[in-house]
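**Q** Need a 3D model of the sequence below.
(chains A and B)
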Protein chains: 2
Amino acid sequence: MEKYDVVIIGGSAAGFAAALTARSQYPEKSILVLRREDATVIPCGIPYIFGTVGSPDKNLIPDAMMEKNQVDLKVDVAKAIDREKKVVTTEKGNEYGYEKLILATGSRPAKPPIPGVQGNGIFAVEKDANYLANCLEAMNGAKDLVIVGCGFIGVEFAEECIKGRDINVTVVEMMHHCLMLNYDKEFAVRAEEGLKKRGVNIMGNEKVKEFVGGDRVEKVVLESGKEIKADIVLIGIGTANNTAIAEDAGIELGPLKGIAVNRYQQTNDPNIYSCGDCAEKVSFFDGKPSPLKLASIACMEGRIAGANLFETRRMNMGVIGIFSTLVDGTVYAAAGLTESVAHQLGYNTVVGEAEAPNRHPACMPGCEPIKVKFVFEKGTGIVLGGQVSGGSSGGELINAISAFICQRMTAENIATFQMGTHPGLTASPLVYQLTAAAENAIGKMRRS
Amino acid sequence: MEKYDVVIIGGSAAGFAAALTARSQYPEKSILVLRREDATVIPCGIPYIFGTVGSPDKNLIPDAMMEKNQVDLKVDVAKAIDREKKVVTTEKGNEYGYEKLILATGSRPAKPPIPGVQGNGIFAVEKDANYLANCLEAMNGAKDLVIVGCGFIGVEFAEECIKGRDINVTVVEMMHHCLMLNYDKEFAVRAEEGLKKRGVNIMGNEKVKEFVGGDRVEKVVLESGKEIKADIVLIGIGTANNTAIAEDAGIELGPLKGIAVNRYQQTNDPNIYSCGDCAEKVSFFDGKPSPLKLASIACMEGRIAGANLFETRRMNMGVIGIFSTLVDGTVYAAAGLTESVAHQLGYNTVVGEAEAPNRHPACMPGCEPIKVKFVFEKGTGIVLGGQVSGGSSGGELINAISAFICQRMTAENIATFQMGTHPGLTASPLVYQLTAAAENAIGKMRRS
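**A** Prediction:
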């Protein structure tokens, strides 16, 4: 039996982040990462394998990152945890003793119990390079792709798969529009229009009843009675937590069936931590269980778990939820609560909006409009959320908004926010989207 | 005599921002802006007139912005203020009564008392479209440009003037390198190398002794004895506050000769406010007088002055100083204190640095490295400053850093910051520059 100070089960975003942080915080400790897969796929890059990037091999987090940081990395599947002996046993028959254990076992794509879902040609989005290589090969020969679910996976796969392929792409979505869980309607509708412009068929308000086929899937039957020809199907409707090994060892789960953790990422066993998709989360806003699963959250939690292993050093303040994507060359980004979610949670809100060119004057190269929408709580003026659409710097602009949210800044704070501006990089300071959107809301609050 | 509730002297960034805010905050009030110039030049866009933009006419803030907001705009020069009668008289012989007055008179470029500085062909950077049109015409016929001063004006003019012109461009700078007031040496040196790559000659550690010429400047003589051929000279060594009208009216100045204001932008006359370049500023960090003059600060102060006119509603927390520029296609941005300035102010600092591609995987289009450097106070871990170099989203990344600074976030807060990431827009969450640079500093603090 080999003995390590720290054993981490899982070698994706959370596991790697935890390993790097543990290394930095506890330089003397020995650290092992056990990874099920041969290689670590960059999770957010998966849709891009099917178009822009072109191959799973080009979408990997290099193992060298672990080696460089004196983290041992072994490809092996953890099978069981003996909490008494503090030993992990693996499928290859190895035993690894631990002082502290981190469960970063991630999630797997949900396959809904729809008739025919196990058929050939029906893929989910496994974070495994070999699986994705098979899926890519099938995609390259396909003529009719049906994507089930139009969240981020659906949107990004649709646009990437249609790129450079002679293929019909149809997305089936239960809600009225794409991305409605993450954006307010005006942003979701605009993104959907971008997708249509790229040639994607979108069928909103539809549910799959059955997948029909012989050797391979042939069509998708909807509950409305419509049928869509399909020789390949991708399912992107969410993920389920990988918690089997934790449950078998008597680790408690939370109400959303993630591994229950306190604010230090610690499970009911004080020597066992958990982070990433497999771990239960709470919302930054109401402190209630949150279903959010994001690589950026996984990394944040990994940094907390890794820091707390031998001494309590960091707290998780709850997840805000920050999303960015590109549709038809336009950024759509969101942080915190949308207006509609804020209303569901009972907030009385005031919205502030501003749109301006992201250059000044507007004849500067690369000029595109960027729109910002803030959602404020009416009484306090505290910002609850922000959404951005437009030019590519929107991908970092949302992170200024995230800082506003996590610091519970008010519309007044934002209206006098000091920002850097430059003709070739941002809007003019006079119409800068963050301050202007805050002023827009303040004007409404004063007049109401 | 016409009577307005609000008269604003000055129609550049500060004056316009104050007018827009006053309109939004006090919808019933009448507002007049008195502007000396025929049109409002976008101040930060001035260097780009000489290259990318091509003409002063394309670098204007549209007057329609005032009209749309029911702000009267008159081209006229305010000559005197009668504080007893609350009347402004103008060069055109008009009189405007006011309830509240805002002085947003700006600054003019400093012309150093060097022999020959009044000669033909020697230009400063007046924020006036007619003046700039003359300067552009002279530039278009010139063969040898010498720029005095290598701050932002110097750097941006050098790169823009050499674009598409058969011209020798030499920059003379007193300090060792360009931009040393705003960046730490490693950033300044890198920017300087970018400028050299574009063909600009840079002479550091040099001071101008004399401008020599007949009808037009012919050469620049340095104190070292070196001589540089010149048929046009641009001076970019800073600005002086426009305070004459204020002083004549008995408005007090501050220690740096700006119009003295309290945290509400109010002068010693409670009915007179001041904002922008003409107004004295204090540093966010030590509360002492600050020489910073930026359009973004002018707009911030305009938003404060405009809001406080009839009721105290906003405070100025002091200026942080956020700078962005582009050199040779690379962003250089800075917020708050550099490491060297922090040391001058007596801080014991820890620096955190991280560099990563701004896409993931790195084969995604538009991939460039972005580097972040943080300066933290060692005892508290509070962030004092940040610098960014690299790809164009750095222009917004610096604004997330600005939010960190203005909220006095610590390295620990930043290490667990929740950011949005996307393959086509940002670094991977595992190596994201903001969190990684904070972790880098925390590692050093733990080991020291």
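
**Q** Could you chop chain A up by domain?
**A** Each domain of chain A is listed here as a residue range: A:2-108+A:240-308, A:111-237, A:329-447, per automatic domain parsing.

**Q** Next, format those as TSV and append mean pLDDT, distance to residue B:444 and mean neighbour count.
**A** C-beta: built from backbone N, CA, C; applies to glycine. Below are those laid out as TSV (pLDDT from 0 to 100; distance: least, C-beta to C-beta, whole Å; neighbours: other C-beta atoms under 10 Å in any protein chain shown):
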stretch	mean pLDDT	distance to residue B:444	mean neighbour count
domain A:2-108+A:240-308	97	10	21
domain A:111-237	97	33	19
domain A:329-447	97	23	23
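
**Q** can I get those in TSV with distance to residue B:92?
**A** Below are the domains of chain A laid out as TSV (distance: least, C-beta to C-beta, whole Å):
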stretch	distance to residue B:92
domain A:2-108+A:240-308	57
domain A:111-237	47
domain A:329-447	26
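
**Q** ok, the residue minimising distance to the centre of chain A - contacts?
**A** The structure's chain A has its C-alpha centroid closest to residue A:294; by C-alpha atoms, centre = their mean the separation is 2.8 Å. Counting by C-beta atoms under 8 Å, 6 or more residues apart in numbering or on different chains, residue A:294 makes contact with A:321-323.

**Q** mind redoing it with 6 Å?
**A** Residues counted as contacts of residue A:294 (C-beta atoms under 6 Å, 6 or more residues apart in numbering or on different chains): none.

**Q** can you check residue A:229 too?
**A** So residue A:229 contacts A:144, A:219 (C-beta under 6 Å, 6+ apart).

**Q** other SSEs contacting the helix or strand hosting residue A:351?
**A** Using DSSP states H and E, residue A:351 sits within strand A:349-357. Applying 3 or more C-beta pairs under 6 Å, 6 or more residues apart in numbering or on different chains; DSSP states H and E, we find strand A:349-357 packed against helix A:339-344, strand A:369-377, helix A:433-447.

**Q** Off-centre distance for the first one?
**A** Taking the mean of its C-alpha atoms, helix A:339-344 sits 20 Å from the chain's own mean (C-alpha atoms, centre = their mean, to the nearest Å).

**Q** need the contact list for residue A:123.
**A** A:135, A:234.

**Q** Please name the bridge partners of it.
**A** Following DSSP bridges, residue A:123 is listed with bridge partners residue A:234.

**Q** Against residue B:391, how distant is it?
**A** Shown here: residue A:123 relative to residue B:391, a distance of 34 Å by C-beta to C-beta, to the nearest Å.

**Q** Describe which strands the strand holding residue A:351 pairs with in its sheet and in which direction.
**A** strand A:369-377 (antiparallel).

**Q** Within the sheet, what are the partner strands of the very next helix or strand once past the strand it pairs with, with directions?
**A** Counting by DSSP H and E, the next helix or strand C-terminal to strand A:369-377 is strand A:383-390. Its sheet considered, strand A:383-390 pairs with strand A:330-336 (antiparallel), strand A:369-377 (antiparallel) by DSSP bridges.

**Q** give the contact list for the closest residue to residue A:433 other than its chain neighbours.
**A** Nearest non-adjacent residue to residue A:433, counting by C-beta to C-beta, 6 or more residues apart in numbering or on different chains: residue A:372, 3.9 Å away. Counting by C-beta under 6 Å, 6+ apart, residue A:372 touches A:354, A:388, A:433, A:437.

**Q** Please list the residues of the stretch 51-200 of chain A that sit near chain B.
**A** A:53, A:58-59 (C-beta under 6 Å from any C-beta of the partner chain).
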